[in-house]
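Below is the structure, and that's it, no one-letter string:
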């Protein structure tokens, strides 16, 4: 009998597989078999009561009755509600005419969407909203409501007091990680006991929070817990996913999420319509078995930079990184175009400092505008000239890259490669004339340029892999605005 477990700063973690009775919480929303069924795409929740309520109206349609929520292989959740009670002021014909009156191209109004509340046979209440439903009547006696669910959530009360907040996120895929933590295997055979340790987990701290990551049964398990008597930031799971996406250079989506707050525990399940493609690009840092320093340092810097971004959407850096990941899993011409646009986008989003015009220059631009507003010359020429003033106020991407090169945040060669790749990618026929090996190196150099601009923004100095060179050597990025001292062969930041 194998009993693998480890203690991680007060968090009890099963190291063999992420069973629900041994994760970092004192309330377990799913039983072990249910979790396995969910991972395999066969979970079924038998519901003793379900309620569909129309959104966006003061007089909602309501359908109530028993039913079930079921996974359809790995595609997603489908629900069936056998309506025993119906509250509706519209006939079936009126509902059909209402839905058909929505013109093509218009976003479906909220009044066509429903919220679902379902109580399963284990007493858990599941909730979701913004779903489209189909209502069918069989023989005029039985009304059946069906639909597809993207995400469902249940809420539970925590058992006892817990001074920490925590979260468990499962991504149903396996990724290469550095390891610095051993899991212990205890083997019992009668009265005999033996132990063995395996280095197969990563644990570290970032922004005062504790992290634990491990690949288990083709599942990436990510746990985070706050320091005592503190709260995890809003949308923390999204920011962690974004940071891992940048570090692993792969598009990531969680399928299972448990958030443990002091007042309640929430468990969310997401549909798995498709498996994310494997991108061609690689991590900005080398990921070796037992070398976690660069990985953890870059994780901290990236998370620190994006953590204050408000709302559920991706940070602009992460949105571009995700686009690059998807593009690199496709055709190399697509990767070339998206890489070029991504560099342009993140450079435009950077705060301008040295590129800003002086107050004196701005006054002259105002005077020039006033002059051409009253100019008696040709109207079309006047409009073209005044349009140039906006370009003068806003420095071009090429100009900003020149300034980054001057500041030694990037190299002039990287800027030149971006210009060449962008011009060729913007005219698709031009890419076909570039030899494949040369195109591959151009894409790799622009990828490194993208990484260096991110390093500059998040104030990272340290190791990275230079994909612009054959053999992908390990090199060091030196942030131009951070003084560095060398201590024990590591680069250590000193005050500005």
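The structure has been received and is ready for your questions. Keep in mind that this is a model prediction, so the values were computed, not measured.

ok, residue 109 touching residue 102?
Yes - under the criterion of Cβ atoms under 8 Å, residue 109 makes contact with residue 102 at 7.1 Å. Yep, even glycine has a C-beta here, placed from its N, CA and C like the rest.

What are the boundaries of the helices in the protein?
Here the chain has its helices, by DSSP state H, at 32-40, 92-100, 236-248, 293-306, 316-328, 332-348, 359-373, 379-393, 397-406, 412-426, 436-458.

Now do the second one: everything it contacts.
When you say that, I think you mean helix 92-100. 88, 90, 112, 135, 137 (Cβ atoms under 8 Å, 6 or more residues apart in numbering).

what's the farthest-apart pair in those?
112 and 137 (19.1 Å; Cβ to Cβ).

and these two? which has more neighbours close in?
Taking neighbours as other Cβ atoms under 10 Å, residue 112 and residue 137 compare with residue 112 leading, 15 against 11.

hmm, back to that, which among the helices of the chain is found nearest to residue 64?
Nearest of the helices of the chain (Cβ to Cβ): helix 92-100, 17.4 Å.

How far off centre is the closest one?
38 Å (Cα atoms, centre = their mean, to the nearest Å).

what do you get for stretch 143-152?
That offset, for stretch 143-152, works out to 26 Å (Cα atoms, centre = their mean).

Any regions of the stretch 251-400 of the chain where pLDDT drops low?
The model of the stretch 251-400 of the chain has pLDDT under 70 over residues 273-275, 351-358, 389-394.

let's see 80
Residues of the stretch 251-400 of the chain meeting the criterion pLDDT under 80: 262-263, 272-276, 290, 350-359, 361-362, 365, 369-370, 372-374, 376-380, 382-395.

If you count residues, where's the longest strand of the chain?
strand 192-206 (DSSP state E).

Taking their axis directions, that strand and helix 236-248 sit at what angle?
Strand 192-206 runs at 90 degrees relative to helix 236-248, counting by axes from the mean of the first three to the mean of the last three Cα atoms, to 10 degrees.

Return the list of helices and strands in contact with strand 192-206.
Other helices and strands packing on strand 192-206, by 3 or more Cβ pairs under 8 Å, 6 or more residues apart in numbering; DSSP states H and E, are strand 181-189, strand 209-215, helix 293-306.

partner strands of it, parallel or antiparallel?
strand 181-189 (antiparallel), strand 209-215 (antiparallel) (DSSP bridges).

And these: which comes nearest residue 410?
strand 209-215 (30.4 Å).

buried residues in that closest one?
Using 16 or more other Cβ atoms under 10 Å as the test for burial, strand 209-215 gives 209, 210, 211, 212, 213, 214, 215.

So of the residues you listed, which two are at opposite extremes in space?
209 and 215, at 20.8 Å, using Cβ to Cβ across these.

do you know how far the residue lying closest to residue 49 once chain neighbours are set aside is from residue 375?
Excluding the flanking residues, the one nearest residue 49 by Cβ to Cβ, 6 or more residues apart in numbering is residue 119, at 4.8 Å. Relative to residue 375, residue 119 is positioned 73 Å away (Cβ to Cβ, to the nearest Å).

Check residue 251 too.
Separation of residue 251 from residue 375 (Cβ to Cβ): 52 Å.

So for those two, which sits in the more crowded spot?
Higher neighbour count among residue 251 and residue 375: residue 251, with 19 against 13, using other Cβ under 10 Å.

wait, what's in contact with the more buried one?
Contacts of residue 251 by Cβ under 8 Å, 6+ apart are 245, 276, 277, 279, 322, 325, 326.

And the residues you listed, which of them are buried?
Of the contacts of residue 251, these count as buried by 16+ other Cβ under 10 Å: 245, 276, 279, 322, 325.

pretty sure the second one contacts residue 252?
Yes - contact between residue 276 and residue 252 holds when scored by Cβ under 8 Å: they sit 7.0 Å apart.

returning to that earlier point: with pLDDT and distance to residue 125 added, can I get the contacts of helix 92-100 in CSV?
Formatted as CSV, the contacts of helix 92-100 follow (pLDDT from 0 to 100; distance: Cβ to Cβ, whole Å):
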residue, pLDDT, distance to residue 125
88, 86, 24
90, 78, 28
112, 91, 25
135, 90, 23
137, 81, 28
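
Out of the contacts of residue 251, flag the one nearest to residue 152.
For the contacts of residue 251, the residue nearest residue 152 by Cβ to Cβ is residue 276; the value is 20.8 Å.

What sits closest to the closest one if chain neighbours are left out?
Nearest to residue 276 is residue 251, by Cβ to Cβ, 6+ apart, at 4.6 Å.

where does the one you found sit relative to residue 87, distance-wise?
42 Å.

Just want the angle from the longest strand of the chain to helix 293-306.
50 degrees.

contacts for strand 192-206?
6, 8-9, 13, 15, 177-187, 210-215, 289-290, 292, 295-296, 299-300, 303-304.

Now do the end-to-end distance for stretch 188-197.
15 Å (Cα to Cα, to the nearest Å).

pLDDT averaged over that stretch - what is it?
Averaging pLDDT along stretch 188-197 yields 75.

gap between it and the chain center?
42 Å.

Could you measure from the closest residue to residue 173 other than its chain neighbours over to residue 254?
Closest residue to residue 173 apart from its sequence neighbours, by Cβ to Cβ, 6+ apart: residue 220 at 6.3 Å. Distance from residue 220 to residue 254, counting by Cβ to Cβ: 9 Å.

quick one: common contacting residues for these two?
170, 171.

just to revisit the earlier point, same list, the strands paired with strand 192-206, but as TSV with distance to residue 431 please.
Converted to TSV, the strands paired with strand 192-206 look like this (distance: least, Cβ to Cβ, whole Å):
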stretch	distance to residue 431
strand 181-189	45
strand 209-215	37
